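Asker: Provide a 3D model corresponding to the input given below.
(chains A and B)
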Amino acid sequence: MVSVMKQASGPTQAEFQEVIASRADRWYSVCLKITRNRDLAEDAVQDALLSAWNKRHQFDRSARLDTWIHRIAVNAALQLLRKSRPGIREPLETDVPDEVASLDDARAEQELDKELTMALQHLTEIERVCFVLKHLEQWRLKEIAEELNTSIGTIKQAIFRAVKKLRVSMANRRSA
Amino acid sequence: MINEETLTLYYYDDGLTENERRDVELALVRHPNLAAKYAELRHQFESWREPDEHRIPSHLVYRWQDSIKDAAMRESTDLQQSNAPRTSYSLAWGGAVSVALAIGIGIGVYFSTNTQVDPVVDNHIAGSPVVVDFAVPVSFTRGLQLHLQDSEREITGLTVDSSGDRTALVMQIIEKNRVFERSAKLNNSANLARLLRAFEPILMRLASDDLAPADAAALRSQLSFELNVMLTKMAQDTSNDSHST
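Answerer: Presented below is the predicted three-dimensional model:
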């Protein structure tokens, strides 16, 4: 009975359907920025939705459902990225740009043919992830460090390098 | 000396101590050049915040909406079963049989579709002979059988009490399942892809870390049963193929 009451207080199926129709673009977009892989981004949103549905009784009604799912989707994308490329935890030894390595990645870039997204491809994976989490998702440095299991100093350096590269890249694009 | 890194952290309002922030504020007031540099940096940062999300294919939205619909339907069925304890055994079997029937129909559609579209020479439309091979390669079918067998064995041997292990194992199965789903799509087997996708909401529920052991056990049995049905059907089909050749 208690569990039924708890579940009843969570978002309804109709609310989920509505928020998927109106906000899925945004979730997919951020997942694609993090993973740079269309399949992984699709899976991240799918995982996030089912996870949110299964835990909907934990949803705080004072928050926004789309924001809650957005955060779950970002976490799901990070988790999938880590699984597909375990090196993300120790990537700062090298500073090799994240190359367009596969057809999937190339398709993802075409889909997101926008200035910033195009510029993001010149960053290494750690730089890209840190920049997206800090700049676009507005996570605290401490949160990012915890999520990526590294130090705040490392995260700061990755963001500084990302910002520097992006400024150069954007300037080049504009002057071209 | 206030450098660009410090200005970046100042903009983010993160990573500077109170004293460091105060130093930056004072410097911005005292040095117009630095203030101009910061204004430019801030302007650029703001421009990077402009949303650039794009329209995604509508089939993706439908797929995600369907997954929630499926999960809700499954939950409602589970709830009905748990509210009727005396008949739960027969209801569980009823549910399992209906799911098996649905999957059986799906498999039937998939296999019958494939037998109907065996490699054909299409020289009517293209004008010149073009081999259109819609059939799923044997290696794929064999790989899928192994995946289903492994999944069935792993799920049967799953310890329902340790949710962490259960989650990790089920997430691995989901990943493998997705690989086969994508391969099925690439092989023009939309029905099979749909069928494999139908496993996902059940697997996701089983992976949920707040699932009660009794619910986990019920889901485990259900999945095991469904995987067995699919495997049996696939084995029968393979056997029929070898007899007919």
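Asker: what are the ranges of the strands in chain B?
Answerer: Counting by DSSP state E, chain B has these strands, from start to end: B:120-122, B:130-132.
Asker: now what about stretch A:46-63, what contacts it?
Answerer: Counting by CB atoms under 8 Å, 6 or more residues apart in numbering or on different chains, stretch A:46-63 makes contact with A:3, A:6-7, A:9-11, A:16, A:20, A:27, A:65, A:68-69, A:72-73, A:75-76, A:79-80, B:63-64, B:67-68, B:71-72, B:200-201, B:204-205, B:208, B:210, all of which sit outside it. To be clear about C-beta, it is placed using only N, CA and C from the backbone, and glycine gets the same treatment.
Asker: Report the buried residues of that stretch.
Answerer: With burial defined by 16 or more other CB atoms under 10 Å in any protein chain shown, the residues of stretch A:46-63 counted as buried are A:46-54, A:56, A:59.
Asker: what's the closest of those residues to residue A:130?
Answerer: When the buried residues of stretch A:46-63 are compared for distance to residue A:130 (CB to CB), residue A:48 wins out at 20.6 Å.
Asker: helix/strand/coil for residue A:61?
Answerer: At residue A:61 the chain is in coil, as set by DSSP: H, G, I helix; E, B strand; the rest coil.
Asker: thinking again about what came up before, which one of the strands of chain B has the poorest average confidence?
Answerer: Set side by side, these show their lowest mean pLDDT on strand B:130-132, which sits at a mean of 32.
Asker: Weed out the non-buried ones from the contacts of stretch A:46-63.
Answerer: Among these, those that count as buried by neighbour count (16+ other CB under 10 Å) are A:10-11, A:16, A:20, A:27, A:65, A:68-69, A:72-73, A:76, A:79-80, B:63-64, B:67-68, B:71-72, B:200-201, B:204-205, B:208.
Asker: so of these, which ones are in helices?
Answerer: The helices, defined by DSSP state H, take in A:16, A:20, A:27, A:65, A:68-69, A:72-73, A:76, A:79-80, B:63-64, B:67-68, B:71-72, B:200-201, B:204-205 from the buried ones among the contacts of stretch A:46-63.
Asker: with the buried residues of stretch A:46-63 in mind, which one is nearest to residue A:155?
Answerer: In terms of CB to CB, no member of the buried residues of stretch A:46-63 lies closer to residue A:155 than residue A:48, at 23.2 Å.
Asker: Skipping adjacent residues, who's closest to the closest one in space?
Answerer: By the measure of CB to CB, 6 or more residues apart in numbering or on different chains, the closest residue to residue A:48 outside its immediate chain neighbours is residue A:73, 3.8 Å from it.
Asker: Same list (the buried residues of stretch A:46-63) but as TSV, adding pLDDT.
Answerer: Shown next, in TSV, are the buried residues of stretch A:46-63 (pLDDT from 0 to 100):
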residue	pLDDT
A:46	94
A:47	94
A:48	96
A:49	96
A:50	94
A:51	94
A:52	95
A:53	94
A:54	91
A:56	93
A:59	93
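Asker: Tell me the pLDDT of residue A:138.
Answerer: Among the per-residue scores, residue A:138 holds a pLDDT of 93.
Asker: ok, it to chain B distance?
Answerer: Shown here: residue A:138 relative to chain B, a distance of 8 Å by CB to the nearest CB, to the nearest Å.
Asker: Wait, a strand at that residue?
Answerer: No - secondary structure assignment (three-state DSSP) places residue A:138 in coil, not in a strand.
Asker: For chain B, which helix extends over the most residues?
Answerer: Longest among the helix segments of chain B by residue count, using DSSP H, is helix B:213-244.
Asker: how near is the closest residue to residue A:84 other than its chain neighbours to chain B?
Answerer: For residue A:84, the nearest residue in space outside its immediate sequence neighbours is residue A:40; the separation is 6.3 Å by CB to CB, 6+ apart. Counting by CB to the nearest CB, the separation of residue A:40 from chain B is 10 Å.
Asker: Among the buried residues of stretch A:46-63, name the ones in helices.
Answerer: Reading helices off the buried residues of stretch A:46-63 with DSSP H, I get A:46-54.
Asker: and of the residues you listed, the nearest to residue B:177?
Answerer: Nearest to residue B:177 out of these is residue A:46 (CB to CB; 11.7 Å).
Asker: List the contacts of residue A:27.
Answerer: When contacts are taken as CB under 8 Å, 6+ apart, residue A:27 is in contact with A:44-45, A:48, A:69-70, A:73.
Asker: just curious, which of those residues is nearest to chain B?
Answerer: For chain B, the closest of those turns out to be residue A:45, at 6.3 Å, with distances computed as CB to the nearest CB.
Asker: Wait, the closest one touches residue A:24, no?
Answerer: Yes - assessed by CB atoms under 8 Å, residue A:45 is found in contact with residue A:24 at 6.5 Å.
Asker: Neighbour count: the two, which is higher?
Answerer: Looking at residue A:45 and residue A:24 with other CB atoms under 10 Å in any protein chain shown, you find the greater number of neighbours at residue A:45, namely 30 against 22.
Asker: For that one, give its distance to residue B:43.
Answerer: Taking CB to CB, to the nearest Å as the measure, residue A:45 falls 32 Å from residue B:43.
Asker: Where does pLDDT dip in chain B?
Answerer: Applying pLDDT under 70 to chain B flags the ranges B:50-54, B:79, B:81-138, B:159-163, B:209, B:237-245.
Asker: Any residues of it in contact with chain A? List them.
Answerer: Of all the residues in chain B, those in contact range of chain A (CB under 8 Å from any CB of the partner chain) are B:4-5, B:8-9, B:12, B:14-15, B:44-45, B:48-56, B:60-61, B:63-65, B:67-69, B:71-72, B:79, B:175, B:178, B:182, B:200-201, B:204-205, B:208, B:210.
Asker: Which helix or which strand is home to the residue nearest to residue B:48 when sequence neighbours are not counted?
Answerer: Using CB to CB, 6+ apart and skipping residues adjacent in sequence, the residue nearest residue B:48 is residue A:116, 5.4 Å away. Of the helices and strands defined by DSSP states H and E, residue A:116 is found in helix A:115-120.
Asker: what is the mean pLDDT for that helix?
Answerer: On average, helix A:115-120 scores 79.
Asker: Output that helix as CSV - backbone C-alpha positions only.
Answerer: Provided in CSV are the C-alpha atoms of helix A:115-120 (Å, rounded to 0.1, in the frame of the first residue of the first chain):
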residue,chain,number,x,y,z
GLU,A,115,29.7,26.3,-34.5
LEU,A,116,30.4,25.3,-30.9
THR,A,117,29.8,21.6,-31.5
MET,A,118,32.1,21.6,-34.5
ALA,A,119,34.8,23.4,-32.4
LEU,A,120,34.4,20.7,-29.7
